[in-house]
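In: here is a sequence together with a model predicted from it:
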Amino acid sequence: MIIDIHGHVAAPVELYHWKTNLLSARGFNDSNSPKLSDEKVAAAAEGLIKTLDEVGTDLQIISPRPFQMMHSEKPARIVHDWIAENNNIISRQAQMFPDRLAGMAGLPQIAGEPVTVALPELERAVTELGLLGCLLNPDPYEGDGNPPPLGDEYWYPLYEKLVELDVPALIHSASCKNGRESFSSHFITEEGIGIVSLCSSRVLEDFPTLKLISAHGGGPVPYQIGRWRANRWRSGREVKETFDESLGKLFFDTVLYNKESIELLLKICGADHCMFGTEKPGFGSARDPQSGLWLDDLKPVIESIEWLSEADRELVFEGTARRVFTKLKVAA
């Protein structure tokens, strides 16, 4: 079975019209969510499923589109309303197409507020909506502030709740307002900061069963691992484990759009810590002008890695995802 752990919701256009109204009125008018019929919600999902059929994906785990999550907007109530309705639609689509779609929640993280404000929605999403985990934005300020790194105790209430619910979080930044990076570049920046912070902190010791997944193949970390190994060894203090051993407590997706990077990710992090992901359709949905192939059609890319054993291939396509997403009940 081919499980794509990194996809995003295909929602009816009315959802985004409502977002415009939320931003314009800043919550000072009727903020009731749009009344979307089952037919419209299903039609949007059917378009996504057609795309999955074209590339041979059996099941995709979808979440809110990160650059749309608006965590830095004010007042906070519009962020809560927006994220909750995204989660509702994801849950509806997963219930309509249980053999093809599953869901991860967005969190109503609010720049400058404690992470605890997001926990009631996480609990609702998992226990009432049946979603399998959540996105974790390491920068709710969206490039325009100074968020605590993921190794900071600021995040501990969220980690505790993830462990309690036995669900993973996908580390995935959102939009970016700093004028120096696109939102796509900001994703990679924040993943690097987040992973190094986690591996340099007590988080992975304090929460040994915590399951964190880095989007986009770990950002820069697997490709700059020599720098982080050197930093660990030259610290001058006694350390309990190598940087590689710390890194081995995290998980990664394969949302990398070239074979060489995917190969390096698998060599550094191991198939038992990597999961098939494409983010299709998304930022990588572009054709190589020479080959004519879609850059985010990654199943044949992984199948073409000659040294990857069949057992490891099975882990990447299905096995590791089933171990991490313990609430996923779709039969093989």
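Out: The structure has been received and is ready for your questions.

In: what sits closest to residue 259 if chain neighbours are left out?
Out: Nearest residue to residue 259 in three dimensions, chain neighbours excluded: residue 301, at 5.2 Å (C-beta to C-beta, 6 or more residues apart in numbering). Placement of C-beta: from N, CA and C, glycine included.

In: counting neighbours, what do you get for the one you found?
Out: 19 (other C-beta atoms under 10 Å).

In: need phi/psi at it.
Out: phi -70, psi -50 (degrees, to the nearest 10).

In: which ones are touching residue 220?
Out: 188, 191, 192 (C-beta atoms under 8 Å, 6 or more residues apart in numbering).

In: let's see that with 7 Å instead.
Out: 188, 192 (C-beta atoms under 7 Å, 6 or more residues apart in numbering).

In: now swap in residue 77 and tell me
Out: So residue 77 contacts residue 27 (C-beta under 7 Å, 6+ apart).

In: so which strand or helix has it?
Out: Counting by DSSP states H and E, the element that carries residue 77 is helix 76-96.

In: what about the nearest residue to residue 273 once chain neighbours are set aside, distance to residue 318?
Out: Distances taken as C-beta to C-beta, 6+ apart put residue 251 closest to residue 273, at 5.2 Å, once the chain neighbours are dropped. Distance of residue 251 to residue 318, computed by C-beta to C-beta, to the nearest Å: 14 Å.

In: same check, this time on residue 289
Out: Taking C-beta to C-beta, one finds residue 289 at 33 Å from residue 318.

In: neighbour-wise, which of the two wins?
Out: residue 318 (18 against 6).

In: go ahead and confirm the more buried one touches residue 4.
Out: No: contact status for residue 318 versus residue 4: not in contact, 10.4 Å apart, counting by C-beta atoms under 7 Å.

In: show me where pLDDT drops low in the stretch 101-250 of the chain?
Out: 235-238 (pLDDT under 70).

In: now the strands: where do they sit in it?
Out: For the stretch 101-250 of the chain, applying DSSP state E, counting those that start in this stretch gives strands covering 101-103, 134-136, 169-171, 212-214.

In: tell me which of those strands sits nearest to residue 25.
Out: With C-beta to C-beta as the criterion, residue 25 lies closest to strand 134-136 of the strands of the stretch 101-250 of the chain, at 25.8 Å.
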